[in-house]
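>>> Dropping a prediction and its sequence here:
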Amino acid sequence: MLDALAQMEGPPDVVCLSGWVKGFHSTEPPLGAGYFGFDDSATMVGESRMLGHPVRTFSSTHERSHLLSAYGMSDVEHGRSCYALVWEGNIGSFYEFTPELRIRRISSVLEDPGNKYQHVFALADPSSPPQHGGFRFSNAGKMMALTGFARPTPVSRAERELIEYILDQPSILLTAPKEKLSWSPFHDIGVESQEFKDLAAKHSQAIFERFLAVAERELTGGLPLLIAGGCGLNCDWNSQWRDCGLFPEVFVPPCPNDSGSAIGTAVDAQLHFTGQSKITWDVYRGPDFLHDRTRAQIRDTFDEHALDLPQLAAQLAAGKVFAWVQGRCEIGPRALGNRSLLAAPFEKGMRDRLNHIKLREPYRPIAPVCREEDVSEHFDWDGPSPYMLYFQNVRDPRLRAVTHVDGTARAQTVSTSQNPRLHALLSAFKQATGTGVLCNTSLNLPGRGFINSTSDLVTYVLDRGIDGFVLEDRLYLARRAPLGPTDGQDGPA
Ligand SMILES: [Fe+2]
């Protein structure tokens with residue numbers, strides 16, 4: 001709140017509160033307008049005072065925050081009808097925006113799709129806690145990685161029984177604790193077992209097919225589809241929606257999960273008070289970086305250089321890993337080129353080193369960032385993919401560090417207008433190696449947001465054995481030897 005107030009020139013016109021609950025489960029007492037509700041009755045308007053000035057207050061439900069963030073950020077013109085899908089921990093529904101921007105729910109397809117998605121991971125993971133059905137926010141990302149290891153085998157009876165049981169449960173976290181599922185052969189089987197990896201892929205596909213069946217039956221008007229909710233971070237599902245042939249356009253914002261809820265409620269308030277639904281935005285509108293160390297202090301432990309992109313590209317080509325900090329943070333959970341760890345994409349050992357730096361499991365993939373104009377050279381995709389929300393098959397056998405076990409990657413493309421300095425670095429790397437692609441993984445501490453201050457950055461780089469960092473137009477090289485494993489990686493032959 002203090003950071004937000006520091007950026008304001010005066011008292012606000014409206015103070016908005018995204019609806020939520022007072023507790024852990026969506027069924028607990030409402031906070032503000034609460035969790036569920038999609039029509040006009042799901043908003044609350046009032047008046048208050050701030051800093052001696054009258055302000056209007058507004059709250060709308062969590063469900064509406066997802067819907068309005070997708071509508072307000074999309075290219076769909078104000079007043080154009082479209083379909084929307086909200087799928088997240090608790091909600092799994094299709095909607096239609098009318099030309100008057102009323103929201104009609106077409107179908108509530110599946111309760112708790114996100115929670116059910118991660119539930120099989122918790123069931124198979126002996127370390128998952130018994131409370132809340134073993135729910136952990138990190139489960140979904142691990143599941144997505146493990147589905148890539150699945151074999152294309154038919155669905156077995158044991159797999160079908162478990163998947164159908166979970167998908168048919170109401171309020172999954174409350175009704176199906178792990179001990180209640182001890183009958184399943186997948187109970188505590190271990191998430192790295194081949195049996196679990198096969199199950200994970202089939203479970204994922206079963207969830208998608210429940211939604212696809214309803215879409216094929218009821219979303220036949222040829223309207224664009226907006227996707228919101230945390231399941232909108234699943235690149236496999238997004239790719240299937242894009243390719244299913246039902247929708248002329250599919251839009252997923254870079255913050256489809258709850259990180260977009262504040263924007264969605266602000267859009268909703270703007271719509272209520274002004275009649276306008278669209279906002280001007282770009283993905284680099286997150287918080288400013290906090291410069292809480294002087295350059296002289298940084299030079300106590302780092303050698304400082306003016307940023308020279310060809311020189312940096314040569315160091316990356318020689319196998320070094322750099323943190324990269326530019327301007328304001330990305331919005332949403334994915335590193336899109338302003339808070340990143342960057343490295344050469346050629347050797348599997350680099351993926352292992354990056355996972356080691358990030359304290360992640362070795363099976364987690366590392367995503368590539370690629371010059372937009374080169375994307376079809378390396379991946380089976382042509383055009384922009386600026387938010388790392390879709391899978392591509394990797395065409396270029398040199399890209400071993402960013403190719404998942406199933407031959408896919410979730411590439412982010414970068415153009416000169418989107419991120420000129422990162423694009424220039426990719427061009428310099430292409431000059432050095434022939435390939436305008438780098439590993440790009442988020443610069444964050446486990447379970448926390450992006451690293452966003454010099455003090456955290458310096459500590460992280462030193463603690464994790466990273467070779468140095470770029471901060472705006474300065475390059476800082478760690479003076480002491482890296483602590484992490486080195487692999488003597490070279491560029492391609
Ligand atoms: Fe949500």
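Happy to help now that I have it.
>>> Show me which residues of this protein sit near the ion.
Residues of the chain that fall close to the ion, judged by CB under 5 Å from the ion: E88, D258. Where C-beta positions appear, they are placed from N, C-alpha and C, glycine not excepted.
>>> got any ranges where the chain has weak pLDDT?
Residue ranges of the chain with pLDDT under 70: 480-493.
>>> nearest spatial neighbour of whatever residue of it ends up closest to the ion, skipping sequence neighbours?
Minimum separation of the chain from the ion (CB to the ion) falls at E88, amounting to 3.9 Å. Nearest residue to E88, sequence neighbours excluded (CB to CB, 6 or more residues apart in numbering): G229, at 3.2 Å.
>>> okay, now that neighbour: neighbour count?
By other CB atoms under 10 Å, 28 other residues sit near G229.
>>> what's it in contact with, if anything?
G229 makes contact with H66, L85, V86, W87, E88, I91, G114, P256, N257 under the criterion CB atoms under 8 Å, 6 or more residues apart in numbering.
>>> ok but the second one is inside a strand, no?
Yes: when the secondary structure is assigned by DSSP: H, G, I helix; E, B strand; the rest coil, L85 falls within a strand.
>>> The residue of the chain most remote from its centre and S415, how far apart?
Distance to the chain centre peaks in the chain at G52, reaching 39.4 Å (criterion: CA atoms, centre = their mean). Separation of G52 from S415 (CB to CB, to the nearest Å) stands at 46 Å.
>>> for P365, same thing?
From P365 to S415 the distance is 24 Å (CB to CB).
>>> Settle it for me: which of the two has more neighbours?
P365 (21 against 14).
>>> Looks like that one contacts A401 (just checking).
No: P365 lies out of contact with A401 (CB atoms under 8 Å); the separation is 9.4 Å.
>>> Give me the common contacts of these two.
Both P365 and A401 are contacted by R351, under the criterion CB under 8 Å, 6+ apart.
>>> Could you confirm L477 falls within a helix?
No: L477 is assigned strand when assessed by three-state DSSP, not a helix.
>>> hang on, isn't it packed against D308?
No: with contact defined as CB under 8 Å, L477 does not reach D308; the gap is 12.0 Å.
>>> ok, which stretches of the stretch 151-300 of the chain are helices?
Secondary structure of the stretch 151-300 of the chain (DSSP state H, counting those that start in this stretch): helices at 157-168, 172-175, 194-218, 235-243, 261-274, 295-298.
>>> Over to the stretch 351-493 of the chain?
With DSSP H, counting those that start in this stretch as the criterion, the stretch 351-493 of the chain has helices at 375-378, 420-433, 454-463.
>>> I'd like those helices as TSV, with mean neighbour count appended.
TSV is the format used below for these (neighbours: other CB atoms under 10 Å):
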stretch	mean neighbour count
helix 375-378	19
helix 420-433	20
helix 454-463	18
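>>> Nearest approach to R157 belongs to which of those helices?
R157 sits nearest to helix 375-378 of all the helices of the stretch 351-493 of the chain, at 41.2 Å, using CB to CB.
>>> residues in contact with the closest one?
The list of residues contacting helix 375-378 from outside it, by CB under 8 Å, 6+ apart, reads 368, 370, 381-383, 385, 392, 394-396, 399, 411, 413, 435, 437.
>>> Return the most buried member of the helices of the stretch 151-300 of the chain.
Mean neighbour count (mean count of other CB atoms under 10 Å) peaks for helix 261-274 among these, with a mean of 21.
>>> Correct me if wrong: the residue of the chain closest to the ion contacts S261.
No: using CB under 8 Å, E88 is not in contact with S261; the gap is 10.1 Å.
>>> G468 is nearest to which of the helices of the stretch 151-300 of the chain?
Of all these, helix 295-298 comes closest under CB to CB, at 10.8 Å.
>>> Pull the residues that contact the closest one.
With contacts defined as CB under 8 Å, 6+ apart, helix 295-298 is touched by E304, T454, V458, L471, R474, Y476.
>>> List the beta-bridge partners for the last one.
Okay, so that is Y476. When bridges are called by DSSP bridges, Y476 pairs up with E304, F469.
>>> My guess is it contacts L307. True?
No: between Y476 and L307 there is no contact under CB under 8 Å: 9.8 Å.
>>> Which of those two has more residues huddled nearby?
Between Y476 and L307, Y476 has the larger neighbour count (other CB under 10 Å), namely 24 against 15.
>>> Pull the number of nearby residues for P29.
Count around P29 with other CB under 10 Å applied: 8.
>>> that older thread, any idea how far the residue nearest to E88 is from D198?
Distance of G229 to D198, given as CB to CB: 26 Å.
>>> same thing with P177?
P177 is 24 Å from D198, by CB to CB.
>>> what are the bridge partners for H53, then?
For H53, the beta-bridge partners are M50 (DSSP bridges).
>>> isn't it right up against V14?
No: between H53 and V14 there is no contact under CB under 8 Å: 11.7 Å.
>>> Pick out whichever of those two has more residues nearby.
Counting neighbours by other CB under 10 Å for H53 and for V14 shows that V14 has the greater number, 15 against 11.
>>> quick one: contacts for the more buried one?
Contacts of V14 (CB under 8 Å, 6+ apart): V55, R56, T57, F58, A269, F273.
>>> before we move on, what SS does E47 have?
strand.
>>> Excluding covalently adjacent residues, which one is nearest to it?
R56 (5.8 Å).
>>> In the helix or strand where the one you found lies, which residues are buried?
For R56, the host element (DSSP states H and E) is strand 53-60. Residues V55, R56, T57, F58, S59, S60 are the ones in strand 53-60 that count as buried (16 or more other CB atoms under 10 Å).
>>> So which of these is the closest to R210?
R210 has its nearest neighbour among the buried residues of strand 53-60 in S60, at 27.5 Å by CB to CB.
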